[in-house]
Structures are given as C-alpha cells and as structure tokens.
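**Q** what's the 3D shape of this:
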Amino acid sequence: MRKSNHVIPSSERGGWAVKKSGSTRITRSFDRKDEAIKFGREISRKQETELFIHKRDGRIQERNSYAKDPHPPVG
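**A** Numbering: from 1, shown residues only. I've put the predicted structure just below:
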C-alpha cells in the first residue's frame, strides 16, 4: 500500500486535521481547511506521498501525488 496523508474533518470545534494513513493519531489540527491543505501539501512533498483532501462528509474531494512517478509520460 502506498503511503499517504489525508486532510479530514476534525471533531474538535468543527475544524480540520492532517492524518497519515494507517495512523490512529492526528498529525496536526487546524481551524480552517485551507491551512490544513497547505500543511498537508508541505509534508506530502517532503515525504513524497499522496495527499487526499476530503469533504466535510468524508468523501474524497481531491487527490494529489507528490511521489516519484515510476512510469512518467514519454515526450
């Protein structure tokens, strides 16, 4: 399974959190979604992982890969 980070709704004061896949602990909590996305992108770039951004209902809104592509496009 690929490593990934997730921006998810947090039960704390209706905020947002960044959490590593497979972990039970939240990496960091935020009041605003845009702050959580910014942090999620930073750590996903450093860790070369995928980032999943979820909607308030838990569905995936957006997905970005910051990993090295094993099959880059030709040309």
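
**Q** how about the most centrally placed residue in the chain: what's its closest non-neighbour residue?
**A** Central residue of the chain (Cα atoms, centre = their mean): H6, 3.0 Å from the mean position. Leaving aside its sequence neighbours, H6 sits nearest to F52 (Cβ to Cβ, 6 or more residues apart in numbering; 4.7 Å). Heads up, the C-betas are built off the backbone N, CA and C, glycines and all.

**Q** sorry, back to before: hang on, the residue nearest to the centre of the chain packs against H54?
**A** Yes. Here H6 reaches H54: they are 6.3 Å apart, a contact under Cβ atoms under 8 Å.

**Q** tell me where the protein has helices.
**A** 33-47 (DSSP state H).

**Q** low pLDDT regions in the chain?
**A** For the chain, the stretches with pLDDT under 70 are 1, 12, 69-73, 75.

**Q** if we use 90, what do you get?
**A** Residues of the chain that meet the criterion pLDDT under 90 lie in 1-3, 11-14, 66-75.

**Q** just checking, E48 touches N5?
**A** No. Look at E48 against N5 with Cβ under 8 Å: they stay out of range, at 11.0 Å.

**Q** which of those two has more neighbours?
**A** Neighbour totals were compared for E48 and N5, and N5 leads with 25 against 11 (other Cβ atoms under 10 Å).

**Q** I'd guessed the more buried one sits against T49; true?
**A** Yes. N5 is within contact range of T49, at 5.7 Å (criterion: Cβ under 8 Å).

**Q** list residues touching both of the two?
**A** I43 (Cβ atoms under 8 Å, 6 or more residues apart in numbering).
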